[in-house]
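Student: Build the 3D model from these lines:
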Amino acid sequence: MAFDPSGRYLAVAVSAGVQIYELQNGGALVPVGGVQGPPVVGFANLAWDSAGHLYGIPSQYSNSCQNNDSACGLYIFNFSAGVLSPAPGSPHTIPQPGSLAVLPRQ
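Tutor: The predicted structure follows:
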């Protein structure tokens, strides 16, 4: 799970994609819509950049990664008003990804 840079939205990897939550003034987390993203991918790592993108990779031990399936790779989502949409070209195939880091813009 990972908060966006504003601290307002939390992305949580669930078995069938990503659930977005919004942090309310009283500290409660409220789901924004339903689970989003590809239902065949269980994400192991999620990270945001400062431009409204969410990145995710599946576990290197997932079935898709063990079978060299094209579902194993780097997923990039555009995020707007609580909705994730796949960025063009996503996913980018990566055989058995291990970890994910997103660096701030220079």
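
Student: CA atoms for contacts and neighbours, from now on please.
Tutor: Fine.

Student: Just after the worst-scoring helix or strand of the chain on mean pLDDT, pick out the following helix or strand.
Tutor: The helix or strand of the chain with the lowest confidence, counting by mean pLDDT, DSSP states H and E, is helix 63-66 at a mean of 72. Remark: after helix 63-66, the chain's next helix or strand is strand 73-80, criterion DSSP states H and E.

Student: how far does the helix or strand that that following strand is followed by sit from the chain's center?
Tutor: Sequence order places strand 83-86 as the next helix or strand after strand 73-80, per DSSP H and E. Chain-centre distance of strand 83-86: 10 Å, with Cα atoms, centre = their mean, to the nearest Å.

Student: All further residue positions should be reported with the first residue as 343.
Tutor: New numbering, starting at 343: the last item is strand 425-428.

Student: Next up, the contacts around G375.
Tutor: Shown in contact with G375 (Cα atoms under 8 Å, 6 or more residues apart in numbering): Q361, I362, G424, V425.

Student: which one of these is nearest G379?
Tutor: Relative to G379, the closest of the contacts of G375 is Q361; by Cα to Cα it sits at 8.7 Å.
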